[in-house]
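Q: fold the following.
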Amino acid sequence: MIDRLRAVGGEALLRVVFYLTVKLLGHAWVPLLVRTGVTSTLQSLGGVHSGCGVSSVAWLIYSLFQTLKHSKETSPEIIAVASAILALLCASCMAAFPLIRHLHHNIFERTHRFAGWMALALVWAFIILTTGYNSTNNSYDKLKMKTLIKLQEFWLTLAITFFTILPWFTVQKLPVSIVSTSGHASLITFTGGVKAGLLGRISRSPLSEWHAFGIISDNKDTHMMLAGAVGDFTNGLVSDPPHHLWVRGVHFAGLPYLVNLYQRVVLVATGSGICVFLSFLLQPCKAEVCIVWIARGVEENFGKEIKDMMENENIIRGKKVIIHDTKMMGRPNVSEMAVDAAKEWNAEVVVVTSNPEGSRDVVTACKKAGVAAFGPIWDS
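A: Here you go, the predicted structure:
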């Protein structure tokens, strides 16, 4: 059940959890250890999701083995349906292995989605068959609605089905404006303001793939996404920009949203990872933030609009911004920059968004220096 909440309609529920967390614990009197512990826990929900998936496979293997030991008490149809569910879950788990997920993301996403839907349909068939089966005469004459609705399996599966369908009621095809700042990135503009720290999902083909990006917004009339051209989808936004994109109406909260738990924060970003932090400059923020951005050819690759946001004193309003353009200044030691900024800013925590290796190095260096730090993990 936790697995399905994390995977589908749980994004809306988790946004409520993140909101309540910030409201209840985002105060200076709450011990820093409590706030960092909660941040670490919420960041690890993806691991809970993965763990539930693997555990369900192990449980089904054991259950199917026990069923086969007592095959005379069940029917071939029930065994076949259970075996099919197990095969679909195994396929879903195999497609989620980091190597496959990284190199063949579309295969992972389509397998995860369609195998999950088919498995859910078969779970309904399994519940109906097992409820109605009468082993004394090998028939299904025991199936009655009043018996079915007394089963906890019925209500749990109904809840899973509801949360699976729920996100699709928010899917919309919306007009967008896409400007390619260079061959390296595109800036996508939508109507409507969005609060700082939220992310959104977009797609050209909603049944096939969804892609998550950080949102840039002043929470007024528009919001934007900065998409670095690193894959087929994002390269297509540069080479063949669409006039409309499918979007999920509910924006979801991630690690950046938890910046509001703290009083003083250093935000470290490389490349297009800056987008998720820009909203903390554009709109009032509970935390005092210092932003450290390392990128190559800032104006050339990311556009004048992004650069102006970072340098305009009317926007910054006393917040500290450090821009390191590697084209002019060379490659820095990002970990040292993060530690130095944290000490100078007297930061409670450092939040970094970079590639996996870069994020890990910054988090490790900050922790060695006695500063709490968080970066995206593989399944966060």
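
Q: for Ser75, see how far away the most far-flung residue of the chain relative to its centre is.
A: Distance from the centre of the chain peaks at Asn137, with 49.8 Å (CA atoms, centre = their mean). Distance of Asn137 to Ser75, computed by CB to CB, to the nearest Å: 11 Å. No exception for glycine: its C-beta is placed from N, CA and C like everyone else's.

Q: ranges for the strands of the protein?
A: For the chain, the strands defined by DSSP state E occupy 171-175, 177-182, 185-191, 198-203, 211-214, 216-217, 222-228, 244-248, 252-253, 264-270, 288-295, 320-325, 349-353, 372-374.

Q: give the pairing partners of the last one; include direction for each.
A: Strands adjacent to strand 372-374 in the sheet, as given by DSSP bridges, are strand 349-353 (parallel).

Q: and the partner strand, how far out from the chain's middle?
A: Here the centre of strand 349-353 is set off from its chain's centre by 17 Å, with CA atoms, centre = their mean, to the nearest Å.

Q: what mean pLDDT does that strand get?
A: Regarding strand 349-353, the rounded mean pLDDT is 94.

Q: between it and strand 288-295, how many degrees?
A: Per axes from the mean of the first three to the mean of the last three CA atoms, to 10 degrees, the angle that strand 349-353 makes with strand 288-295 is 30 degrees.

Q: strand 349-353 vs strand 264-270, what angle?
A: 20 degrees.

Q: send the alpha carbons of strand 349-353 over as PDB?
A: Only the C-alpha atoms of strand 349-353 are listed here, as PDB (Å, rounded to 0.1, in the frame of the first residue of the first chain):
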ATOM      1  CA  VAL A 349      22.200  23.100   6.200                       C
ATOM      2  CA  VAL A 350      23.400  22.800   2.600                       C
ATOM      3  CA  VAL A 351      21.200  21.500  -0.200                       C
ATOM      4  CA  VAL A 352      22.900  20.500  -3.500                       C
ATOM      5  CA  THR A 353      21.600  19.500  -6.900                       C
END
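
Q: ok, which of the strands of the chain comes nearest Met310?
A: strand 320-325 (5.4 Å; CB to CB).

Q: what's the neighbour count on Val349?
A: Look at Val349: counted by other CB atoms under 10 Å, it has 24 neighbours.

Q: correct me, but it touches Gly375?
A: No. The criterion here is CB atoms under 8 Å, and Val349 misses it with Gly375 at 11.3 Å.

Q: can you give me every residue that contacts Ala82?
A: Contact analysis of Ala82 by CB atoms under 8 Å, 6 or more residues apart in numbering lists 60, 63-64, 67, 126.

Q: show the buried residues in these.
A: 60, 67, 126 (16 or more other CB atoms under 10 Å).

Q: mind listing what the closest residue in space to Gly273 that isn't next to it in sequence touches?
A: Sequence neighbours aside, Thr353 is the residue nearest to Gly273 in space, at 3.8 Å (criterion: CB to CB, 6 or more residues apart in numbering). By CB under 8 Å, 6+ apart, the residues touching Thr353 are 214, 256, 268-270, 273, 276-277, 359, 375-376.

Q: rewinding a little: residues contacting the residue farthest from the centre of the chain?
A: No contacts exist for Asn137 under CB under 8 Å, 6+ apart.

Q: which phi and psi does it have?
A: phi -130, psi 10 (degrees, to the nearest 10).

Q: likewise the one 3 residues further on?
A: Reported as degrees, to the nearest 10, the phi and psi values for Tyr140 are phi -120, psi 40.

Q: got the contact list for it?
A: Contacts of Tyr140 by CB under 8 Å, 6+ apart are 129, 132-134.

Q: please name the residues that touch Gln66.
A: So Gln66 contacts nothing (CB under 8 Å, 6+ apart).

Q: hang on, the earlier thing: pick the most buried one from the strands of the chain.
A: strand 349-353 (a mean of 26; mean count of other CB atoms under 10 Å).

Q: sorry, back to before: possible to save the contacts of Ala82 as TSV with distance to Arg204?
A: Output for those, formatted as TSV (distance: CB to CB, whole Å):
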residue	distance to Arg204
Leu60	35
Ser63	40
Leu64	39
Thr67	43
Phe126	35
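
Q: in helices only, show me the residues you listed.
A: Per DSSP state H, helices hold the following members of the contacts of Ala82: 60, 63-64, 67, 126.

Q: gap between Leu207 and Asp308?
A: 38 Å.

Q: can you check Ser239 too?
A: Relative to Asp308, and taking CB to CB, Ser239 is found at 26 Å.

Q: same question, Gly249
A: Taking CB to CB, one finds Gly249 at 30 Å from Asp308.

Q: from the chain's centre, how far out does stretch 230-248 sit?
A: On CA atoms, centre = their mean, the centre of stretch 230-248 falls 19 Å from that of its chain.

Q: show residues contacting it.
A: Against stretch 230-248 from outside (CB under 8 Å, 6+ apart): 11, 105-106, 167, 170-176, 178, 180, 183, 185-186, 188, 190, 200-206, 209-211, 227-229.
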